[in-house]
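Engineer: Kindly return the folded structure for what I paste below:
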Amino acid sequence: MNTFESLGLANFRCELDGQRIAWLTLDCPDSPVNRMTAQVVHELGLVLDWLERSPPAGLVIQSGKDSGFIAGADIDEFAGLDTREKALELVARGWNAYNRLAGMGFPTLALIRGHCLGGGLELALACRYRLAVDQPGTSLALPEVMLGIFPGWGGMLRLPRVIGAPAALDMMLTGRQQDARKAARLGLVDGTVAPRLMHRAAAMMVLSGRKQRRAGGLPGLLNAAPLRPLVAWQARRKLDKRDPGRHYPAPRAILNIWARHDGNALRAPELIDTIVRSDTARNLLRVFRLQERLKGFGRKKPGMRPARHVHVIGAGVMGGDIAAWCALKGMTVTLQDQDRERIAVAQGRAGKLFARKKKDPRQARAAFDRLTPDLDGDGISHADVVIEAITENPDAKRALYRQVEPRMKPGAILATNTSSLSLETLRTGLVRPRHFVGLHFFNPVARMPLVEVVGVADTDADALACAYAFVADIGKLPLPVDSTPGFLVNAVLAPYMLEAMRCMDEGVQPEAIDAAMVGFGMPMGPIELIDTVGLDIARDAGQQLTQDTAMPSCLQSRLDRKELGRKTGQGFYAWKDGKAVKRQAAAAPAGLAQRLITPLVAKTREQLARGVVADADLADAGVIFGTGFAPFTGGPLHYAASRDGTGGKQTEGPAPGAAGSRQASSGTQAHAACPAGSSSTPEASQVSGANQTGDTDGQREPAGPASRDSTGGDS
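Structural biologist: Reported below is the predicted structural model:
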């Protein structure tokens, strides 16, 4: 019998309705998401064979997963590409299958609900129509560049045709995601629809006879073959500014394949082999897996209730921005401070954040309404999480806790945003000290993906699990750390910045120091970072986190003149319109970058040995996502091991029973902060894998060669 069931497929099911529309549902078994594995692509070919024998009036491809449409290709298959032939076969597999889908003699439609990423979007682009369900979580992207590879299954061919070259290159070179409405404005989808109407709308559209969308006007013209070399040349100039060290080859390969080979990577087999099997791709794949492991800490235990109400005490830069971020992510937030004016300033910053992240004014207003001033702390008794973000004074913090703890409801978490004080010191006098945790955010809160979740040996496991889940719920990456001065990130940055100032004392030009580290792959040089942080804060952190009591003379002289950096308009650099005014960088001394990286790597090893984090992978993850450490290296310890010739073998973590070993069982295997107090101001690019998104709904931006951001916050 020529029935669909006779095909014996594991991943697809199909139903034919009264209008002869075939509804093809992808539902990969034993997986929370759909991925275009080799088996799925093979089965898609069998489906197309079956449909060609008895063509339907139309084909609608949809997902059987609540989590989304298709999350992309199978990342694990990339890890196994150890020969040129395997790399070529993988690209050809998807390219040929999707070309066949695009050539079907009947109309096809992708019904997109939830994430539609990588190979999933390339499949949707091979359909005649695309319909996006307008709901939170619907997002479309080609994030392959974040893994050091390119969209080789037709994305480089079809995306520029559909939305034009400028918008297509922006998506492909940054990995930026688009929500349903932005996708519709770009022309990436043919329409949006409410969830309750999606099947009716899909049926109408697939039978509508509408012409397949093509970009018109200048965007379409710039995709014409004669103009592509010019567009690619302009894009390369921008890439060279963002990635002067040319550490990331994938963006340039995308431009090459699009401009010279009409988006067909199979015409450039040498590029496929060079890119797919490069060290950069392997290391960025490692970073993606590190990110997935951090996300794993935030998975809720069965029966765990999500946090809905957050009460933040302290409306300074950190407290106000933490409150704003939580409101942006859908939490009910009460913000307490003794000074009503300080709350008003925080609300003003929040309003700007909401307007930037929420393009719909109604959604921005809704976020603003979720943030309530609370001079008297009435929200404490209703909050699931209470976050203290006041001055770094242990006596003041303990006095506050004595007032707050009796007013908290049962099961609520009390957390501190301290960046330097030990939990053991702060929890003295608490009735429930084992339920007290640290939630160390980094500034600017809206850009920094990492939150260090701090505990001690006897911290309640359920309290930690709730803290991890809360961090994940607000779209951040939780990193378990033990309570030691500076935790991981600040402790690692302090000796790095100190060494940079020592170089200045030896006569090295600050511009040369910064240029050397940007060339190494850091998002910002250490001298500019110190200026952004504030020289006074850098001094205090250095004295606390390093054993070196000798202050660099370059720092002392500027402190004596009250030149504190960006906030005063003068530090190591003069500042104008929020940017450092720099001279032409002189040639850097040989080995300067390695000299500066060495203390950072050494401190990372030291913090690992002390049990601040459970293992070397978590140390690398924390430094990458907390400092912007060059992602293409795979992390400081991985980088050092590779240079040492140990093949990437990682330094061992703490011995069983040491502080930090309690963290090892949490999670699943799968930008810059600064040494400062609660008003620290870090700067760096954010790193991500396939879930990195654009600047919509407050989700994390991708970073890397094409989208590096080095703007500072207030210190």
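
Engineer: which residues touch Met198?
Structural biologist: By CB atoms under 8 Å, 6 or more residues apart in numbering, the residues touching Met198 are 111, 113, 131, 133. Just so you know, the C-beta spots here come from the backbone N, C-alpha and C atoms, and that holds for glycine as well.

Engineer: Need the CA coordinates for the helix or strand where it lies. CSV is fine.
Structural biologist: Assigned by DSSP states H and E, Met198 belongs to helix 198-206. Output of helix 198-206 as CSV, limited to C-alpha atoms (Å, rounded to 0.1, in the frame of the first residue of the first chain):
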residue,chain,number,x,y,z
MET,A,198,-2.6,29.6,12.5
HIS,A,199,-4.0,26.5,10.8
ARG,A,200,-6.8,28.3,9.0
ALA,A,201,-4.4,31.1,7.9
ALA,A,202,-1.9,28.5,6.7
ALA,A,203,-4.5,26.7,4.6
MET,A,204,-5.6,29.9,3.0
MET,A,205,-2.1,31.1,2.2
VAL,A,206,-0.8,27.8,0.8
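
Engineer: so which two of the contacts of Met198 are the farthest from each other?
Structural biologist: Using CB to CB, the contacts of Met198 span at most 9.3 Å, a distance reached by Arg113 and Leu131.

Engineer: Would you mind telling me which of those two has the busier surroundings?
Structural biologist: More crowded of Arg113 and Leu131, by other CB atoms under 10 Å: Leu131, with 26 against 23.

Engineer: Quick check: beta-bridge partners of the more buried one?
Structural biologist: For Leu131, the beta-bridge partners are Leu111, Gly191 (DSSP bridges).

Engineer: my read: it touches Pro195, true?
Structural biologist: No - assessed by CB atoms under 8 Å, Leu131 is found out of contact with Pro195, at 11.7 Å.

Engineer: Centre of the chain to the host helix or strand of Thr334, how far?
Structural biologist: Using DSSP H and E, Thr334 maps to strand 332-336. Remark: strand 332-336 is offset 26 Å from the chain centroid, using CA atoms, centre = their mean, to the nearest Å.

Engineer: How about stretch 489-508?
Structural biologist: The answer for stretch 489-508 is 27 Å, by CA atoms, centre = their mean.

Engineer: Give the buried residues for that stretch.
Structural biologist: The neighbour-count check on stretch 489-508 (16 or more other CB atoms under 10 Å) flags 489-504, 508 as buried.

Engineer: Return the set of residues that bridge with Val451.
Structural biologist: Beta-bridge partners for Val451, by DSSP bridges, are Pro478.

Engineer: how near is it to Phe470?
Structural biologist: 9 Å (CB to CB, to the nearest Å).

Engineer: what residues do these two have in common as contacts?
Structural biologist: By CB under 8 Å, 6+ apart, the residues touching both Val451 and Phe470 are Leu439.

Engineer: Please read off the pLDDT at Ser553 from the model.
Structural biologist: Ser553 is assigned a predicted lDDT (pLDDT) of 94.

Engineer: That one reaches Glu506, doesn't it?
Structural biologist: No - Ser553 is beyond contact range of Glu506, at 10.5 Å (criterion: CB under 8 Å).

Engineer: The strand holding Thr334 - contacts with which helices or strands?
Structural biologist: Packing partners of strand 332-336 (3 or more CB pairs under 8 Å, 6 or more residues apart in numbering; DSSP states H and E): strand 309-313, helix 317-328, helix 340-357, strand 371-373.

Engineer: Could you dump those into CSV with distance to Phe442 and mean neighbour count added?
Structural biologist: Below are the helices and strands packed on strand 332-336 laid out as CSV (distance: least, CB to CB, whole Å; neighbours: other CB atoms under 10 Å):
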stretch, distance to Phe442, mean neighbour count
strand 309-313, 16, 27
helix 317-328, 9, 27
helix 340-357, 16, 17
strand 371-373, 20, 20
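
Engineer: re earlier: among the buried residues of stretch 489-508, which are located in helices?
Structural biologist: If you go by DSSP state H, the buried residues of stretch 489-508 have 489-504 in helices.

Engineer: List the buried residues in stretch 80-87.
Structural biologist: Neighbour-count burial for stretch 80-87 flags 81, 86-87 (criterion: 16+ other CB under 10 Å).

Engineer: hmm, I was thinking of stretch 288-301
Structural biologist: 288-298.

Engineer: ok, those residues vs Met517, which is closest?
Structural biologist: Distance to Met517, by CB to CB, is smallest for Leu290 among the buried residues of stretch 288-301, at 21.8 Å.

Engineer: Need the nearest residue in space to that closest one, chain neighbours excluded.
Structural biologist: Distances taken as CB to CB, 6 or more residues apart in numbering place Ala621 nearest to Leu290, at 4.0 Å, with adjacent residues excluded.

Engineer: Go ahead and name everything in contact with the strand holding Thr334.
Structural biologist: 308-315, 319-320, 323-324, 326-327, 343, 346-347, 370-380, 382-383.

Engineer: same thing with stretch 182-189?
Structural biologist: 112, 130-132, 140, 159, 162-164, 167, 178, 180, 191-192, 213, 215, 359, 694, 696.

Engineer: rerun at 6 Å
Structural biologist: 130, 132, 140, 163, 167, 192, 213 (CB atoms under 6 Å, 6 or more residues apart in numbering).

Engineer: Could you find the closest non-adjacent residue to the first one?
Structural biologist: Among residues not flanking Arg130 along the chain, Val189 sits closest, at 4.3 Å (CB to CB, 6+ apart).

Engineer: who does the strand holding Thr334 pair up with?
Structural biologist: Using DSSP bridges, strand 332-336 pairs in its sheet with strand 309-313 (parallel), strand 371-373 (parallel).

Engineer: so what secondary structure elements neighbour the helix or strand following the shortest one?
Structural biologist: In other words, strand 371-373. Next along the chain after strand 371-373, taking DSSP H and E as the criterion, comes strand 385-388. Counting contacts by 3 or more CB pairs under 6 Å, 6 or more residues apart in numbering; DSSP states H and E, strand 385-388 is packed against strand 309-313, strand 413-416.

Engineer: coming back round to it: now render the contacts of Met198 as TSV, adding pLDDT and distance to Val481.
Structural biologist: Listed next are these as TSV, based on pLDDT from 0 to 100; distance: CB to CB, whole Å:
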residue	pLDDT	distance to Val481
Leu111	98	43
Arg113	97	37
Leu131	98	45
Val133	97	39
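
Engineer: Closest one to Gly438 out of the residues you listed, please.
Structural biologist: Arg113 (37.9 Å).

Engineer: Surely the closest one touches Val133?
Structural biologist: Yes - contact criterion CB atoms under 6 Å: Arg113 and Val133 qualify, at 4.0 Å.

Engineer: Which residues belonging to stretch 427-447 are considered buried?
Structural biologist: The neighbour-count check on stretch 427-447 (16+ other CB under 10 Å) flags 427, 430, 433-447 as buried.

Engineer: Those residues in strands, which ones?
Structural biologist: Of these, the ones assigned to strands by DSSP state E are 436-440.

Engineer: that older thread, include distance to Leu464 when you put the helices and strands packed on strand 332-336 into CSV, please.
Structural biologist: Output for the helices and strands packed on strand 332-336, formatted as CSV (distance: least, CB to CB, whole Å):
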stretch, distance to Leu464
strand 309-313, 17
helix 317-328, 19
helix 340-357, 28
strand 371-373, 27
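
Engineer: what about those, which gets the closest to Val612?
Structural biologist: Nearest to Val612, of all the helices and strands packed on strand 332-336, is helix 317-328, at 21.4 Å by CB to CB.
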